[in-house]
Every structure is written in structure tokens, then in C-alpha cells.
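**Student:** Any chance you can model this:
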Amino acid sequence: MPGPFCCHFRTAPDDIHPTEYKDADKLFVDIAATYKTALEQFYEAGVFALSV
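**Tutor:** Sure, this is the predicted structure:
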């Protein structure tokens, strides 16, 4: 699964349309939190090796 860095380095400010994400820091905090949740769920499902 692509890591959060893909979003960071491939996201131009003009590509961010939701108004709540006009502050890029807020966007990246939410992306990191989403990845953390996803990785925890993979672990709970028994996936112990995941390429990110």
C-alpha cells in the first residue's frame, strides 16, 4: 500500500479542493491518523508484514 509520503510529495496546493484542507498541515495530520488506524486494523486482523 502506498505510504503517506506519496501524498506529501505528490500533492500540490492547487490540487487540494476541500476547504477544510486549505491548511496542508491539517491534511497531513489527517492522512497520518488514517494510516495509523489502517495499520492497527491490519495488525488486529493478523497481518504482521505489510509493505508501505
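
**Student:** Low-confidence bits of this structure, can you list those?
**Tutor:** Where the chain drops to pLDDT under 70, the residues are 1-2, 5, 8-10.

**Student:** looking at it, which residue ends up farthest from its center?
**Tutor:** Distance from the C-alpha centroid of the chain peaks at Gly46, with 21.2 Å (CA atoms, centre = their mean).

**Student:** Ramachandran angles for it?
**Tutor:** Backbone torsions for Gly46, taken as degrees, to the nearest 10, come to phi 100, psi 10.

**Student:** which helix is the longest one in the protein?
**Tutor:** helix 24-44 (DSSP state H).

**Student:** contacts for that one?
**Tutor:** Residues from elsewhere that reach helix 24-44 (CB atoms under 8 Å, 6 or more residues apart in numbering): 1, 3-4, 7-8, 11, 13, 16, 20-21, 50, 52. Just so you know, the C-beta spots here come from the backbone N, C-alpha and C atoms, and that holds for glycine as well.

**Student:** In PyMOL, select just the buried ones from those.
**Tutor:** Of the contacts of helix 24-44, the buried ones can be selected in PyMOL as follows, counting by 16 or more other CB atoms under 10 Å:
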select buried, resi 21
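
**Student:** can you tell me which two in the contacts of helix 24-44 are farthest apart?
**Tutor:** Of all pairs drawn from the contacts of helix 24-44, the greatest distance, 30.1 Å, lies between Pro13 and Leu50 (CB to CB).

**Student:** Please consider this matter closed, and thank you.
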